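[1] below is the structure, and that's it, no one-letter string:
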């Protein structure tokens, strides 16, 4: 195997480099709870997980009071996902973290939001 | 006296014959130039709103303004009685001479080693280039101060253009204690840089052992990012390095000095105080008996 091929193998198989980050959440509305992403899928993602986690934390701080009472506008299960919508580990702890966790039935027989908050 | 009177008479006759034309021509010139200026301002404002990042706006607007001014002057001349064909000839000659002069003197004109909106360091100033004229360059430093630097001074000094190339290297230098796992530290530091979204894969991140210093092993992480991402990516990498090293149990080194106090009074001259100069004159066996604090 040539060095070039070996380097390609390492690049593809060792550490996956995300192309961007978004904050994923469930939003309480008048009609119920709906999933959302920020920035939305049609917009460019954030290029830094540090920025994305800071943004997620601020969203959590801004909506934690509303989340306790369950009023419209409250955000649950706030977490950071990569460009493939896969949850991304918090760089500070190396763990998957979710702010305002809440069990929500998404219609596919699964529930989300069972991880602990930061 | 008579010649003065005749001159005044001639002027009066001229004014009677061409006065209306002159006033009209002057009016066309003034109104036309004001209108051209107004169009120029509006065009600049509109284009800046539409394409805020373009650096070609001033060039385009200046060209439009010159064309408008030429049209206004021609219209005023025609109003005064000049033949349009002569005006056209004159304008053609002026433009050809201008182009010729520019082409001839272009190699002798000093060019600035940066463009508008580049981040540069010229002399002691680090900032963004906002505008350039023939005489000076307007620079805005990152703390919000605006400097007007003479071009002559810039051309005589060393200039660092941080945006001449598209990418820039980040240095993540850390020092770990001698009792830490060196290979683990290298692996963790390389992983931090590799998984960072903004770090380029080619050339890939590298970690080197830079130095075996007096109280630390110095590691140097090197990776490349786009110029625009340099500062924030560097700060993020340093933050991640600190946190990941903490969570992996890798301890950073800090400057330290081992002080050995000799409690043996007889060898210390009977005073009971520490020997000046520490262990400088003490043998290895004696040193092993001493208390290490």
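    Happy to help now that I have it. As the structure is a computational prediction, the values presented were derived from the model and not from experiment.
[2] does the longest helix belonging to chain A come close to chain B?
    Using DSSP state H to assign secondary structure, the helix with the most residues in chain A is helix A:49-69. Yes - Helix A:49-69 lies within reach of chain B by C-beta under 8 Å from any C-beta of the partner chain, at A:49-51. To be clear about C-beta, it is placed using only N, CA and C from the backbone, and glycine gets the same treatment.
[3] stretch A:95-106 now?
    No - contact of stretch A:95-106 with chain B (C-beta under 8 Å from any C-beta) is absent, the minimum separation being 9.4 Å.
[4] that stretch: which residues count as buried?
    Neighbour-count burial for stretch A:95-106, with 16 or more other C-beta atoms under 10 Å in any protein chain shown as criterion, is recorded at A:97-102, A:104.
[5] can you put the residues you listed in a markdown table and add secondary structure?
    Listed next are the buried residues of stretch A:95-106 as a markdown table, based on DSSP: H, G, I helix; E, B strand; the rest coil:
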| residue | secondary structure |
| --- | --- |
| A:97 | coil |
| A:98 | coil |
| A:99 | strand |
| A:100 | coil |
| A:101 | coil |
| A:102 | coil |
| A:104 | strand |
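[6] list the contacts for residue B:53?
    Counting by C-beta atoms under 8 Å, 6 or more residues apart in numbering or on different chains, residue B:53 touches residue B:117.
[7] can you put the buried residues of stretch A:95-106 in a markdown table and add distance to residue B:68?
    Output for these, formatted as a markdown table (distance: C-beta to C-beta, whole Å):
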| residue | distance to residue B:68 |
| --- | --- |
| A:97 | 61 |
| A:98 | 62 |
| A:99 | 59 |
| A:100 | 60 |
| A:101 | 65 |
| A:102 | 64 |
| A:104 | 63 |
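[8] read off the pLDDT value for the residue most central in space within chain B.
    In chain B, the C-alpha closest to the average C-alpha coordinate belongs to residue B:119, at a distance of 1.7 Å (C-alpha atoms, centre = their mean). pLDDT, residue B:119: 90.
[9] neighbours of the residue lying closest to it once chain neighbours are set aside, just the number please.
    Distance criterion C-beta to C-beta, 6 or more residues apart in numbering or on different chains; nearest residue to residue B:119, sequence neighbours excluded, is residue B:162 at 4.5 Å. For residue B:162, the neighbour count with other C-beta atoms under 10 Å in any protein chain shown is 15.
[10] identify the residues contacting residue B:162.
    With contacts taken as C-beta under 8 Å, 6+ apart, residue B:162 has the following neighbours: B:118-121, B:168, B:227, B:230.
[11] swap in 10 Å and give it another go.
    Contacts of residue B:162 were listed using C-beta atoms under 10 Å, 6 or more residues apart in numbering or on different chains, and they are B:114, B:118-121, B:126, B:128, B:168, B:227, B:230.
[12] so in terms of bridging, what pairs with the residue nearest in space to the middle of chain A?
    If you average the C-alpha coordinates of chain A and look for the closest C-alpha using C-alpha atoms, centre = their mean, you land on residue A:80, 2.5 Å from that point. Residues found in beta-bridge contact with residue A:80 (criterion: DSSP bridges) are residue A:23.
[13] close to chain B: what parts of chain A are there?
    Within reach of chain B by C-beta under 10 Å from any C-beta of the partner chain, chain A has these residues: A:7-8, A:10-11, A:14-21, A:45-52, A:82-83, A:88-95.
[14] mind checking which of these land in strands?
    A:21, A:82 (DSSP state E).
[15] show the buried residues in the residues of chain A next to chain B.
    Using 16+ other C-beta under 10 Å as the threshold, A:17-18, A:20-21, A:45-50, A:52, A:82, A:88, A:90-92 are the buried ones among the residues of chain A next to chain B.
[16] after the lengthiest helix in chain B, next one along is what?
    Ranked by residue count and defined by DSSP H, the top helix of chain B is helix B:2-50. Beyond helix B:2-50 on the C-terminal side, the first helix or strand identified by DSSP states H and E is helix B:57-80.
[17] many thanks, we can stop here.
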